[in-house]
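S.K.: model the structure of this input:
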Amino acid sequence: MKDPIATARAAAAGLDRGSLIDRDRAGTFDRSGWIAVAEAGLTGLGTEYGLAADPPTIARLLAAFGEECHDNGLSLALNAHLWGCVGPLMRFGTERQKAMYGARLCGGSAIGALAATEPDAGSDLSTLSTRAERRDDGYVLNGRKLYVTNAPLADVVIVLAALDPERGPLGAAMFVVERGTPGLDTPEATETMGFRTARVGEVVLNDCRVSAGALLGAEGAGLAIFAHAMEQERRFIMAFAVGAMQRQLDACVRRARARRQFGRAIGDFQQISGKLVDMQLRLETARGLLHRAAEAGGRRSQRAALAAMAKYAISEAWVRNCEDAIQIHGGAGYAVQAGIERELRDAIGSRLFSGTSELQRETMARTLMLG
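M.R.: Coordinates of the predicted model:
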């Protein structure tokens, strides 16, 4: 039996790195890279359609992938596909829905997305402006979603909408909407600071009619399904960043050994060696939290707190390590060719997706207060 971690490393190692600077500048998604990732089973990771793995292995596997894959946008697209679409569908979908979409999504021939954030509803989705109305034997969806990773590429979009607004959080529902459905539009991608090789954009629903079979789970279960998806996403989405931090630390150590100033390797100077130590400490702390979150059991509130802790700590550590990496490389680190400025732009974005750093801290604080 093949080692899944070795499979992930091999898939990432074979990706095209030579065009990454140009693709980042142009905001171009790596379709050939997606195909390679799909052929390795990563687009169906943890399902019967893809690479089989338990949660701790998934965390190690995605970290290994991130260590070899310099294209953080591709890693983000993969995670958005897995935790925003594949996960909810395979967990809450009917047998008919799984038969319709499971093999395509998990096999990578279809790309998935989750449309939740709205102009006036970001971290707090309890008051949604996107509406779903019962109509004949189905539903009609109207609304606008923002900052949807994979939106311009997605073949299948899971949409969170308010079905019974008067019921508040208990009135939301999830719907599986396929590209080509009349009334579904995914306008031109939003230009972003980082993760530019991932495609982020809007999902616009204008009298978008779907059948009753498009309902994911039960009516009223939309926010519960979304909460489950976010918990899973926060457990694993920063695994690739742990890999990126390892890759970055290795590059900095090589630089500190090779670069000489005043007749000595710069790593012999305490200011530089101290930064390397700080980078390693942040990396090991991030790795430990990632594995704790992946292995977590017990009460849902405790699992959610650990997931929030991992997401928060890893994203913050990644930003700090990128800043130190630029200092260690000096002027060369400030140049686009080194790739570190791209990593910093990506790392800053990681503080925002899957809930901001501030939201993660609120989740942790609430768990502490409730016990």
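
S.K.: drop to CA atoms for contacts and neighbour counts, all remaining ones
M.R.: OK.

S.K.: how many residues are close by residue 269?
M.R.: 12 (other Cα atoms under 10 Å).

S.K.: how about residue 149?
M.R.: By other Cα under 10 Å, neighbour count at residue 149 equals 29.

S.K.: what does residue 119 give?
M.R.: For residue 119, using other Cα under 10 Å, the count is 11.

S.K.: thinking it is in contact with residue 146, fair?
M.R.: Yes. In this structure, residue 119 is within contact of residue 146 by Cα atoms under 8 Å, at 6.6 Å.

S.K.: mind listing the helices for the stretch 251-371 of the chain?
M.R.: In order along the chain, the stretch 251-371 of the chain carries the following helices (DSSP state H, counting those that start in this stretch): 270-295, 300-329, 331-334, 340-350, 357-370.

S.K.: go through these and find the least confident stretch.
M.R.: Lowest mean pLDDT within the helices of the stretch 251-371 of the chain: helix 357-370, at a mean of 90.

S.K.: you'd agree residue 193 is in a strand?
M.R.: No. Read with DSSP: H, G, I helix; E, B strand; the rest coil, residue 193 is coil and lies in no strand.

S.K.: list the contacts of it.
M.R.: 345, 346, 349 (Cα atoms under 8 Å, 6 or more residues apart in numbering).

S.K.: tell me the domain ranges of the chain?
M.R.: In terms of domains, the chain is parsed into 4-107, 112-220, 238-370 (source: automatic domain parsing).

S.K.: dump the ones you listed to CSV, plus distance to residue 228.
M.R.: Shown next, in CSV, are the domains of the chain (distance: least, Cα to Cα, whole Å):
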stretch, distance to residue 228
domain 4-107, 8
domain 112-220, 12
domain 238-370, 9
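
S.K.: ranking helices and strands of the chain by mean pLDDT, which lands last?
M.R.: Lowest mean confidence among the helices and strands of the chain (mean pLDDT, DSSP states H and E): helix 357-370, at a mean of 90.

S.K.: if you count contacts, what does that one end up packed against?
M.R.: helix 300-329 (3 or more Cα pairs under 8 Å, 6 or more residues apart in numbering; DSSP states H and E).

S.K.: which residues of the stretch 51-200 of the chain score low on pLDDT?
M.R.: Within the stretch 51-200 of the chain, the stretches with pLDDT under 70 are 122-126.

S.K.: which stretches of it form helices?
M.R.: Remark: helices assigned in the stretch 51-200 of the chain by DSSP H, counting those that start in this stretch are 55-68, 72-81, 87-92, 95-97, 103-107.

S.K.: let me know which of the ones you listed is the nearest to residue 234.
M.R.: Residue 234 lies closest to helix 72-81 among the helices of the stretch 51-200 of the chain, at 10.1 Å (Cα to Cα).

S.K.: how far off centre is the closest one?
M.R.: 5 Å (Cα atoms, centre = their mean, to the nearest Å).

S.K.: what's the angle from that helix to helix 340-350?
M.R.: Inter-element angle recorded for helix 72-81 and helix 340-350: 20 degrees (by axes from the mean of the first three to the mean of the last three Cα atoms, to 10 degrees).

S.K.: other residues contacting helix 72-81?
M.R.: In contact with helix 72-81 (Cα under 8 Å, 6+ apart) are residues 29-30, 33-34, 43, 66, 69, 111-114, 149-150, 195-199, 233, 237, 240, 343, 346.

S.K.: one more: stretch 101-108?
M.R.: 34-35, 38-39, 41-45, 47, 49-50, 86, 89-90, 110-112.

S.K.: before we move on, back to that, which of the contacts of residue 193 sits closest to residue 307?
M.R.: Taking Cα to Cα as the measure, residue 307 sits nearest to residue 349 out of those, at 17.8 Å.

S.K.: residues in contact with the residue lying closest to that closest one once chain neighbours are set aside?
M.R.: In this structure, residue 349 finds its nearest non-sequential neighbour in residue 194, 6.2 Å apart by Cα to Cα, 6 or more residues apart in numbering. Counting by Cα under 8 Å, 6+ apart, residue 194 touches 342, 345, 346, 347, 348, 349.

S.K.: what's the distance between the third one and residue 95?
M.R.: This means residue 346. The gap separating residue 346 from residue 95 is 37 Å, by Cα to Cα, to the nearest Å.

S.K.: looking at the two, which is more packed in?
M.R.: residue 346 (25 against 11).

S.K.: now do the contacts for residue 211.
M.R.: 137, 138, 139.

S.K.: mind checking which of those residues are buried?
M.R.: When the contacts of residue 211 are checked for burial by 16 or more other Cα atoms under 10 Å, the buried set is residue 139.

S.K.: would you turn the contacts of residue 211 into JSON lines with distance to residue 277?
M.R.: Below are those laid out as JSON lines (distance: Cα to Cα, whole Å):
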{"residue": "137", "distance to residue 277": "62"}
{"residue": "138", "distance to residue 277": "58"}
{"residue": "139", "distance to residue 277": "56"}
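
S.K.: for the contacts of residue 211, which one is nearest residue 188?
M.R.: Checking those against residue 188 by Cα to Cα gives residue 139 as the nearest, at 26.0 Å.
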